[in-house]
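K.L.:
with the sequence up front, the predicted model follows.
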Amino acid sequence: MWWRSANSTLRSGVTAGLMLLALVAVCQPPSELLVNMRRAYQDQSAVYLKRNTTYRIERTATGVIAHRDMEEDELLLKDRTGTAREEEIHYSDLIPLERLEAYTLVPNGRGTKRVPVNNIDRRDEREDYIFHDDSKVASFVMPSLISGAVAHVEHTIAYPDARLVSGHFFAGVYPTESSTLTVISDQDIDVDVRTFHLPDSLVTRTVSIEKGRRVQRFTMHQVPAMSFEDNAPSIRYYTPHAQLVVRLPDKDAAATDIDRLYRWYADHIKDTFDPPAPELKALADSLVGTVTDPRQQAAIIYRWVQQRIHYVAFEDGMNGLVPAAASEVCRTRYGDCKGMSNLLHTLLRARGLDAHLSWVGTRMLPYNYSELPTGSVDNHMIVTLFLPDTALFLDATSSYNAFGVPSEFTQGKQTLVALDPKNYVVKQIPVMKAADNMIIDSVRVRIENDGLVGTGVVRYTGYERYDLAYGLRSVQADKLTEALRRTLMKGSNKFLLDSCTVSGMEDPSGPLTIRYKFRVPDHVRRTTGRMYVPITLNDPWKGLRFRDDRKLPIELEHCIQEQHVVELELPVGCTYKESASTGAFANPAFSYTVHVAADGGLIRSSAIYSINELMLDEELSDWRRANIALMKEIGRTLVIETP
């Protein structure tokens, strides 16, 4: 893991003198501070002298509220003139920005000169995929960013309900000398600070009573910069951070944190427990007609919501937490995840099916409900349908998902299922197996001049089918071949897709099939009496190979199995004398098999690649070994004797 590796480097490379430096940095002359920091961070362009977050949680006449104060000092180790960097502070109508101050301290002899930010642009933050958005952003450019300058930013965000607070990341995009989370709360308000990827040996925690209030402090020194890699999970999976669980006084002394969370959530959906409106009951009845099987009824209703209701994100303060009425979603034909789930759940209930609104965190959030029973644990809503033999997790926003298949980004996550206004259950969403998500590609090729000419059929199932169907949804017929060239490419980037047809777009439960004709010019090398032909035309793991010193896990969108068959017609009069060969690698997380053999007038290559985990972490060393061996296999060239 990144943190384990960086921590080892930190302990071996940072001296006790540098630890002391962090405490006295603000007292040093600017030039001396710059020299010391450049020596400590030779490969960095900047370092945070401090990155602090303070939460103030208190009881008021309107309830328990909170304020978050953030303060950051960034020392520039190199000039940044000519490359203005826009800073942004995000807030909303629900959690407003109460205060913002920004300036640069520029070296001036043995002191500094303060240069304030002259213009702060406060505007609505609009995203194309959000229909209504109360999000806002304050943006500005820090002035005078020269070597030795310190860019200072501090701001305050207000929370009308303290349960809306989040936490603090101790690391930043640059190394951090000192990072402190402070939580100040009234003594009758219990605030549980939960830490993640934060070794006890590297954090100093203190608890005290100051001016009648409870104060908790968590401090780290010499925090390595955040690490980023392609195909890595979100930073929450590996970066040291803390989250706050605010426990309001409760009459029920036996209530657990999840009990409290559910009572808060249930209040947001209290109207959804009412009986379905007559018009929605009539709609549900008309959709299912004479179908009596509960699973088939649910599939019909699910498909109708997928096809007829358009997904639009909707963020509007506390209304962003409350589902739109099912009747309104049905009337307008659009809704966010909460509104679409409410309509689906209401139509299913109208048929007497055991359906329930459910909260879930997408896979960008690594927490489960016992680890973090707060609003930071989830960001999505689905419907859980209980059938006699199973539970199905239905996401109506996934318009190309087959019925009964969870959305790709909720696999493996916990969901909080609302049974009734007082009761809930936590369920685990399954991870779809590699064999559920397949690419099965079979081609037959012949040698023409120095290239290959062939035909192929490829079938996509599961998430592979859903993702491709989604990508093709708006492609015009005359642009189809161009759009699919990269998807079907094989052999080399000289690949030419001559024609293709697609079938199965309208049935999400079946495969999506593409039939195509193609050429690969300059793929055959000739010498006297021989031809050399690379037979393995696909390299499915190419995009998942990384440098040897990678530390972060590899995250996949889903488990997957690919099968690739190439049949090469042996030219008349030519011979192939090599014996059959098989290369393979297998462990529980991933495997491959590549088999090449002559079969009459054909040379047949058959390859199967499987990845059975959503994340490869401890398996990285095996992954490297497997790919080294695989590259030798797919780099093999057939030697064909010519007349």
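P.N.:
Yep, that arrived.
K.L.:
so where's the stretch 51-200 of the chain shaky on pLDDT?
P.N.:
For the stretch 51-200 of the chain, applying pLDDT under 70 flags the ranges 81-84, 126-133.
K.L.:
the helices in the stretch 401-550 of the chain, which residues?
P.N.:
Using DSSP state H, counting those that start in this stretch, the helices assigned to the stretch 401-550 of the chain run over residues 462-472, 480-488.
K.L.:
repeat that for the stretch 1-150 of the chain.
P.N.:
Assigned helices in the stretch 1-150 of the chain, in chain order: 2-13, 16-24, 30-40 (criterion: DSSP H, counting those that start in this stretch).
K.L.:
what's the most buried one of the helices of the stretch 401-550 of the chain?
P.N.:
Each of those was assessed for mean neighbour count using mean count of other Cβ atoms under 10 Å. The highest is helix 462-472, with a mean of 20. C-betas here are computed from N, CA, C, even on glycine.
K.L.:
tabulate the helices of the stretch 401-550 of the chain (a markdown table), appending distance to Ser227 and mean pLDDT.
P.N.:
Written out in a markdown table, the entries for the helices of the stretch 401-550 of the chain read as follows (distance: least, Cβ to Cβ, whole Å; pLDDT from 0 to 100):
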| stretch | distance to Ser227 | mean pLDDT |
| --- | --- | --- |
| helix 462-472 | 28 | 95 |
| helix 480-488 | 30 | 95 |
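K.L.:
for those, give me TSV that also has distance to Asp450.
P.N.:
Rendered in TSV, the data for the helices of the stretch 401-550 of the chain read as follows (distance: least, Cβ to Cβ, whole Å):
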stretch	distance to Asp450
helix 462-472	32
helix 480-488	21
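K.L.:
which one of the ones you listed lies closest to Ser45?
P.N.:
Comparing the helices of the stretch 401-550 of the chain against Ser45 with Cβ to Cβ, the closest turns out to be helix 480-488 (35.6 Å).
K.L.:
name the surrounding residues that touch that closest one.
P.N.:
The contact list for helix 480-488, computed with Cβ atoms under 8 Å, 6 or more residues apart in numbering, reads 456, 458, 468, 471-472, 475, 495-500, 502, 514, 516, 518.
K.L.:
of all the residues you listed, which comes closest to Lys542?
P.N.:
Closest to Lys542, out of all of the contacts of helix 480-488 and judged by Cβ to Cβ, is Phe495, at 14.0 Å.
K.L.:
before we move on, back to that, of the helices of the stretch 401-550 of the chain, give the one that comes closest to Glu619.
P.N.:
Nearest to Glu619 among those is helix 462-472; the distance by Cβ to Cβ comes to 21.1 Å.
K.L.:
which other helices and strands does that closest one contact?
P.N.:
For helix 462-472, the helices and strands in contact under the criterion 3 or more Cβ pairs under 8 Å, 6 or more residues apart in numbering; DSSP states H and E are strand 438-448, helix 480-488, strand 512-520.
K.L.:
reformat those as a markdown table; add distance to Pro199.
P.N.:
Putting the helices and strands packed on helix 462-472 into a markdown table (distance: least, Cβ to Cβ, whole Å) gives the following:
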| stretch | distance to Pro199 |
| --- | --- |
| strand 438-448 | 41 |
| helix 480-488 | 44 |
| strand 512-520 | 47 |
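K.L.:
figure out which of the ones you listed is closest to Pro249.
P.N.:
In this view, the helices and strands packed on helix 462-472 are compared for proximity to Pro249 by Cβ to Cβ, and strand 438-448 is the closest at 53.9 Å.
K.L.:
tell me what angle that closest one forms with strand 512-520.
P.N.:
Here strand 438-448 runs at 30 degrees with respect to strand 512-520, directions being taken by axes from the mean of the first three to the mean of the last three Cα atoms, to 10 degrees.
K.L.:
next, the angle from strand 438-448 to helix 462-472.
P.N.:
With the same axes, to 10 degrees as the basis, strand 438-448 and helix 462-472 are set at 70 degrees to each other.
K.L.:
relative to helix 480-488, how tilted is strand 438-448?
P.N.:
Using the same axes, to 10 degrees, the interaxial angle of strand 438-448 with respect to helix 480-488 works out to 100 degrees.
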